[in-house]
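A.B. asks: give me a 3D structure for the following:
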Amino acid sequence: MPQPEHTTRTVLVTGGSRGIGRAITERFVAAGHRVAATHRSGDVPAGALPVRCEITDPEQVEAAFATVEAELGPVEVLVANAGITRDTLLLRMSEQDFADVVETNLTASFRLAKRASKAMMRARFGRMVFLSSVVGQLGSAGQVNYAASKSGLVGLARSITRELGSRGITANVVAPGFIDTDMTARLSEQQVADYQARIPAGRLGAVEDVAATVEFLAGDGAGYVSGAIIPVDGGLGMGH
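C.D. replies: This is a model prediction of the structure:
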């Protein structure tokens, strides 16, 4: 029996200029969706609408949504990917180190979801995907701020699911493990080997692994998946 063609959607990806966000943007563009990607510097993939936005600034977020709505239509799929790290041990971590990471990774995700929910509720359809991390479940020395912000996304998505699930809106969390990006490229060969030894799959993940999972959650076939944590970590975080 032939599979029905997928519905073309308006997609907004934050942090679409590099790494996982860029791969997600490229995948949605390749699938024929109307895609916008926020960035602070650099470029976004060809075929995507570039939107300069600092997601910690409410006015810039509002302006970004207005731009996307004017150019592509109301946002139907939100992928909250943009995030930062400020790694250091607990005793050395400043109040600002903690606040900056939580503001970017968690508070901005709330801000984006709140703004996106308006059109989604009217349309009685929406997909929200939040990019967390295996660290949000496992914890990580030197990443108290990052782990706290990434685990907070789980409560955010599950509460959104309970509030908006009856309106055809889903909210899910994707939790990548060690993914081969610019960040992991800075690690030494020994560090990479140590990480791989902990991963049942025996390798670092690829950005395409994460992008494929996000695409599934945004699709028509994932309408009954909500409030879930989907690990893309080669088995590293099993049991969490």
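A.B. asks: tell me the contacts of the residue lying closest to R124 once chain neighbours are set aside?
C.D. replies: Spatial nearest neighbour of R124, excluding adjacent residues (C-beta to C-beta, 6 or more residues apart in numbering): G168 at 4.5 Å. In short, each C-beta sits where N, CA and C put it, glycine included. Taking C-beta atoms under 8 Å, 6 or more residues apart in numbering, we find G168 in contact with M120, A123, R124, F125, G126, G223.
A.B. asks: relative to A228, how far out is R158?
C.D. replies: 9 Å (C-beta to C-beta, to the nearest Å).
A.B. asks: oh, I was asking about V210
C.D. replies: Taken as C-beta to C-beta, the span from V210 to A228 is 15 Å.
A.B. asks: which of the two has more neighbours?
C.D. replies: V210 (27 against 16; other C-beta atoms under 10 Å).
A.B. asks: which secondary structure elements does the strand or helix carrying that one sit against?
C.D. replies: Secondary structure from DSSP states H and E places V210 in helix 207-218. Using 3 or more C-beta pairs under 8 Å, 6 or more residues apart in numbering; DSSP states H and E, the elements in contact with helix 207-218 are helix 19-30, strand 77-80, strand 126-131, strand 169-176, strand 229-232.
A.B. asks: report the buried residues of the first one.
C.D. replies: For helix 19-30, the buried set under the neighbour-count rule, 16 or more other C-beta atoms under 10 Å, comprises G19, I20, G21, R22, A23, I24, T25, E26, R27, F28, V29.
A.B. asks: kindly report the same for stretch 140-153.
C.D. replies: Q143, V144, N145, Y146, A147, A148, S149, K150, S151, G152, L153.
A.B. asks: just checking, the first one touches V135?
C.D. replies: It refers to Q143. Yes. Using C-beta atoms under 8 Å, Q143 makes contact with V135 at a distance of 5.8 Å.
A.B. asks: what's the angle from the helix ranked longest in the chain to strand 169-176?
C.D. replies: Scanning the chain for the helix with the most residues, using DSSP state H, yields helix 144-164. Relative orientation of helix 144-164 and strand 169-176, computed by axes from the mean of the first three to the mean of the last three C-alpha atoms, to 10 degrees: 160 degrees.
A.B. asks: by contact count, what packs against helix 144-164?
C.D. replies: helix 95-102, helix 108-123, strand 126-131, helix 135-138, strand 169-176.
A.B. asks: let's have the contacts of G168 in JSON lines, adding neighbour count and distance to F110.
C.D. replies: Shown next, in JSON lines, are the contacts of G168 (neighbours: other C-beta atoms under 10 Å; distance: C-beta to C-beta, whole Å):
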{"residue": "M120", "neighbour count": "23", "distance to F110": "15"}
{"residue": "A123", "neighbour count": "14", "distance to F110": "21"}
{"residue": "R124", "neighbour count": "11", "distance to F110": "22"}
{"residue": "F125", "neighbour count": "19", "distance to F110": "21"}
{"residue": "G126", "neighbour count": "27", "distance to F110": "15"}
{"residue": "G223", "neighbour count": "12", "distance to F110": "23"}
